[in-house]
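> sharing a sequence plus its predicted fold:
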Protein chains: 2
Amino acid sequence: PFGCHCQGWVRSFRPQKQNLFLHVNDGSSLKSLQVIAPAAMNDPLLGFGCAVEVRGILKKSPHSKQPVELEAEQIWVIGECNPVDFPFKIKERHSLEYIRQFLHLRCRTNAFSSLLRIRSEATAAVHSYFKNNGFLLVHTPTITSNDCEGAGELFQVEPPGTTFANEGSFFSVPVYLTVSGQLHLEVMSGAFPRVYTFGPTFRAENSQSRRHLAEFFMVEAEISFTESIEDLTKVWKSAFALTLLISWMELFHVRCPITYTEAIDILKRSSETFTFPTDWGCDLMTEHEKFLVKHCGNIPVFVTDYPHDLKPFYARDNQDHPKHTAAAVDLLVPGVGELSGGSLREERLDLLRSRLGECGLEDTYSWYLDLRRFGSVPHGGFGLGFERYLQCILGVDNIKDVIPFPRFSHSCLL
Amino acid sequence: PFGCHCQGWVRSFRPQKQNLFLHVNDGSSLKSLQVIAPAAMNDPLLGFGCAVEVRGILKKSPHSKQPVELEAEQIWVIGECNPVDFPFKIKERHSLEYIRQFLHLRCRTNAFSSLLRIRSEATAAVHSYFKNNGFLLVHTPTITSNDCEGAGELFQVEPPGTTFANEGSFFSVPVYLTVSGQLHLEVMSGAFPRVYTFGPTFRAENSQSRRHLAEFFMVEAEISFTESIEDLTKVWKSAFALTLLISWMELFHVRCPITYTEAIDILKRSSETFTFPTDWGCDLMTEHEKFLVKHCGNIPVFVTDYPHDLKPFYARDNQDHPKHTAAAVDLLVPGVGELSGGSLREERLDLLRSRLGECGLEDTYSWYLDLRRFGSVPHGGFGLGFERYLQCILGVDNIKDVIPFPRFSHSCLL
């Protein structure tokens, strides 16, 4: 037994005839410290949710439920908590949907504080994997004048009251929130063999789904001197396996890649009725992806070599025929479908130039062509949505419950 | 001597009568590997800036300049580099201003690749300091409906073509790029004793100065159960000292705080002529900050207890008089001036409510008042501009040279 001073929040409160029993949580783990105090120490302000400071003697507990308990000599209520107004009630098990209504208070629940601890540890695990494997961290920009995917769903940025005209605007050009740090990482692939980035990414997707956010975190890596899909998926697999906090053994047994063409064959031969077409050249939809994962034994599957015309200008041309494909890969996982995507990048100046020419983008991406003009190397990379990854390893149904402050269409609280 | 295979970029090239001498850099450090090849291996495509693969025998070098060198048996040029078009020239020492014009290529210079390595290591050091000291990493949002500083200089966000009217907009409310994660960290201070965030932050400041960016990184920390400025500056000092990569001994000897009132006395008693007034109640300007740092012996100085009216609503009221101050602190450093700022936060519900009421913000910040309604604890925190910190420890004059892709008024390249 020794003297102890503890600070935290009351997670349970049982006043009994002779003694008060409190559980005080200091945020360091799900477990709280049991505090016992003589009934005379009761205080009308003492109760569920309030902040306390306790001084006393830490002793071996007579009960098997906890190894130690704190015999209080003094209890101070630092911050009270009115049980009528406080939206979380003692002993009630609130649903994730319910606590999500109170973004500013939900970290005080057991469920969400645990999630935040896991998210913090998972972030550290990502950084430590890449650092230990020779990757340089690059802070790719949030505001960009690129439009990486060549698609819509962008957010534009300006000081309020400014018109989005080219002239007179803050940056003199229209600027957007980044949808991917890939092109900026590729800049670095001309001097560093392994680079990565980990930060917020944005899509103005008008979706309320359980899998979409307007602001989400993405881990992206780019590897130079890489000439094959196999080289790429090797790093990819180990990055995801080693950063796992929860043993998700299937990932270690991740299936050898199947090609898009094989995938189409599997879909065509199946007796399943699909809503979307399964002809060669059509994009794989969520229904197809889920079927493929199930077909392969409900384990993560890499699908490679998609039709060239489905992929963006930077995907490396396989120069095959009659079926013209690109060296692009998606990682499909049980429950979620597409978790992660990547490709070898077109490092050959002439091929890239003619592709950009076809899209009318040669001038816009002249800087990107420069990367191939000067000391170009074969390279490739992949990106992973961090929230979907957390959903996946934790089995959390709604993506809004794995990020501290979710942003989605018609919602940006705080 | 043993067989060796290396990949990288040619940083110097000297063809001599019998031998070729190359320096090949693989991005892992400033040092390159010296490669020696018989003159017969010369290739018109081999030259400064090109990407190569070399196979050969690694041997102890006869010269003292390098411990080992690679005797090439074969050299492949992976990506050529036309010396006429390439903006960097062999043997020329280009200025940081010059290389800054080529944001997509400057990582191929010795100066900027070194900066990127240091930035990556400094980021890891920040994370490891906070992790090792019990801080939880919180991903505070980039898009927010708050306006933390209550001031202008915000960027607004919307899909292109949307009007910024409240109704019909993407989020249903006007949203901005974050200027600080502080209020979101304070949410977490109600369940975790130590939290921090490290990510991009934004100011629509119309400045082309050597010290301002529109997008910059900020480290912010928030500590619960903290009742004094001294508790706060203790963590602050050790965070900054321990994350230093370059020994900057002065920081260890950081001066005991001086109060704002003492600072004003020093300024008033000095013989210096200032452009801005030095009356009690006036904000300290850069000229004042620089003078104070010099006056204290050119070492970092904490200035505490600023006039209450100069500080935002969340700064803790010292309730002193006749001079009414708040428990706010700035860290001033040589060369840069203000590097970092922080405060104790007003944790007392009644005082915070009346302050918000005076500003007409009681409704807007009712969620923030909730944090004080339920289990409020005394807490405080600080924020540090990461780029200014790098400028400071590395002696880099222009802030645009310590970030991969600088964004400032009239410039958002790539």
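All right, it came through fine.
> the helices in the stretch 51-200 of chain A, which residues?
A:96-100, A:110-132, A:182-188 (DSSP state H, counting those that start in this stretch).
> any idea of the pLDDT on the residue lying closest to residue A:215 once chain neighbours are set aside?
Nearest residue to residue A:215, sequence neighbours excluded (C-beta to C-beta, 6 or more residues apart in numbering or on different chains): residue A:407, at 4.3 Å. C-beta coordinates here come from the backbone N, C-alpha and C atoms, glycine included. With respect to pLDDT, residue A:407 has a value of 97.
> my guess is residue A:407 meets residue A:214, correct?
Yes - judged on C-beta atoms under 8 Å, residue A:407 makes contact with residue A:214 at a distance of 4.5 Å.
> now for the two: what residues contact both?
Common contacts of residue A:407 and residue A:214 (C-beta atoms under 8 Å, 6 or more residues apart in numbering or on different chains): B:143, B:171.
> got the residues of the stretch 301-414 of chain A near chain B?
Counting by C-beta under 8 Å from any C-beta of the partner chain, the residues of the stretch 301-414 of chain A close to chain B are A:347, A:367-368, A:370-378, A:403-405, A:407, A:409-414.
> filter these down to the buried ones.
Buried residues within these, counting neighbours by 16 or more other C-beta atoms under 10 Å in any protein chain shown: A:347, A:367-368, A:370-378, A:403-405, A:407, A:409, A:411-414.
> can you give me the distance of the residue in the stretch 151-300 of chain A positioned nearest to chain B to residue A:137?
Going by C-beta to the nearest C-beta, chain B is nearest to residue A:192 of the stretch 151-300 of chain A, at 3.7 Å. Distance of residue A:192 to residue A:137, computed by C-beta to C-beta, to the nearest Å: 11 Å.
> report how many residues lie close to residue A:97.
Residues near residue A:97, counting by other C-beta atoms under 10 Å in any protein chain shown, number 11.
> typo on my end, residue A:359
Residue A:359, neighbours per other C-beta under 10 Å, totals 12.
> so which helix or strand takes in the residue nearest to residue A:399 when sequence neighbours are not counted?
Of all residues not flanking residue A:399 in the chain, residue A:387 sits nearest, at 5.1 Å (C-beta to C-beta, 6+ apart). If you go by DSSP states H and E, residue A:387 is part of helix A:386-394.
> packing partners of the biggest strand by length in chain A?
Secondary structure of chain A per DSSP state E: the longest strand is strand A:2-15. Here strand A:2-15 touches strand A:19-25, strand A:33-38, strand A:51-60, strand A:68-79, going by 3 or more C-beta pairs under 8 Å, 6 or more residues apart in numbering or on different chains; DSSP states H and E.
> that older thread, next, check the residues of the stretch 301-414 of chain A next to chain B against the strands and list the overlap.
Per DSSP E, the subset of these in strands is empty.
> if we can go back for a sec, can you tell me which helices and strands the helix holding residue A:387 packs against?
Where contact means 3+ C-beta pairs under 8 Å, 6+ apart, helix A:386-394 is packed against helix A:110-132, strand A:215-224, strand A:337-344.
> domain map for chain A?
Here the domain assignment for chain A is A:2-86, A:107-401, based on automatic domain parsing.
> please identify the deepest-packed of those domains.
Mean neighbours per residue, mean count of other C-beta atoms under 10 Å in any protein chain shown, is largest over the domains of chain A for domain A:107-401, with a mean of 19.
> about what we covered before: as a markdown table, the helices and strands packed on strand A:2-15 with distance to residue B:227 would be great.
Below are these laid out as a markdown table (distance: least, C-beta to C-beta, whole Å):
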| stretch | distance to residue B:227 |
| --- | --- |
| strand A:19-25 | 19 |
| strand A:33-38 | 22 |
| strand A:51-60 | 11 |
| strand A:68-79 | 10 |
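> could you dump those to TSV with mean pLDDT?
TSV is the format used below for these (pLDDT from 0 to 100):
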stretch	mean pLDDT
strand A:19-25	96
strand A:33-38	97
strand A:51-60	96
strand A:68-79	97
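> the residue of the stretch 151-300 of chain A closest to chain B contacts residue B:113, correct?
Yes - counting by C-beta under 8 Å, residue A:192 does reach residue B:113; the two are 7.4 Å apart.
> pull up the overlap in contacts between those two.
With C-beta under 8 Å, 6+ apart as the test, residue A:192 and residue B:113 both reach B:27, B:107.
> in helices only, show me the buried ones among the residues of the stretch 301-414 of chain A next to chain B.
Among those, the members found in helices (DSSP state H) are A:367, A:368, A:370, A:371, A:372, A:373.
> nearest to chain B, of the residues you listed?
Of those, the one sitting nearest to chain B (C-beta to the nearest C-beta) turns out to be residue A:367, at 4.5 Å.
> got a list of what that closest one touches?
Shown here is residue A:367, whose contacts under the criterion C-beta under 8 Å, 6+ apart are B:103, B:104, B:413, B:414.
> dump the ones in helices among the buried ones among the residues of the stretch 301-414 of chain A next to chain B into CSV; add pLDDT and distance to residue B:207 as well.
As requested, those are exported to CSV (pLDDT from 0 to 100; distance: C-beta to C-beta, whole Å):
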residue, pLDDT, distance to residue B:207
A:367, 96, 25
A:368, 97, 29
A:370, 98, 29
A:371, 98, 31
A:372, 98, 35
A:373, 97, 34
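> looking at the contacts of residue A:367, which is nearest residue A:399?
Distance to residue A:399 across the contacts of residue A:367 (C-beta to C-beta) is lowest for residue B:414, with 29.6 Å.
> what sits against the closest one?
Residues in contact with residue B:414, defined by C-beta under 8 Å, 6+ apart, are A:141, A:144, A:145, A:146, A:183, A:184, A:187, A:367, B:103, B:104, B:405.
> now the closest residue to the first one other than its chain neighbours: how far from residue A:310?
Pointing back at residue A:141 there. Sequence neighbours aside, residue B:405 is the residue nearest to residue A:141 in space, at 4.3 Å (criterion: C-beta to C-beta, 6+ apart). Using C-beta to C-beta, residue B:405 is found at 29 Å from residue A:310.
> how about residue A:303?
Using C-beta to C-beta, we find residue A:303 at a distance of 12 Å from residue A:310.
> before we move on, what about residue A:378?
22 Å.
> now for the contacts of residue A:367: which two are most distant?
With distances taken as C-beta to C-beta, the most widely separated pair in those is B:104 and B:413, at 8.1 Å.
> all strands for the stretch 251-400 of chain A, in order.
Along the stretch 251-400 of chain A, the segments classed as strands by DSSP state E, counting those that start in this stretch run A:255-259, A:301-307, A:325-333, A:337-344, A:379-385.
> out of those strands, which gets nearest to residue A:359?
strand A:325-333 (14.1 Å).
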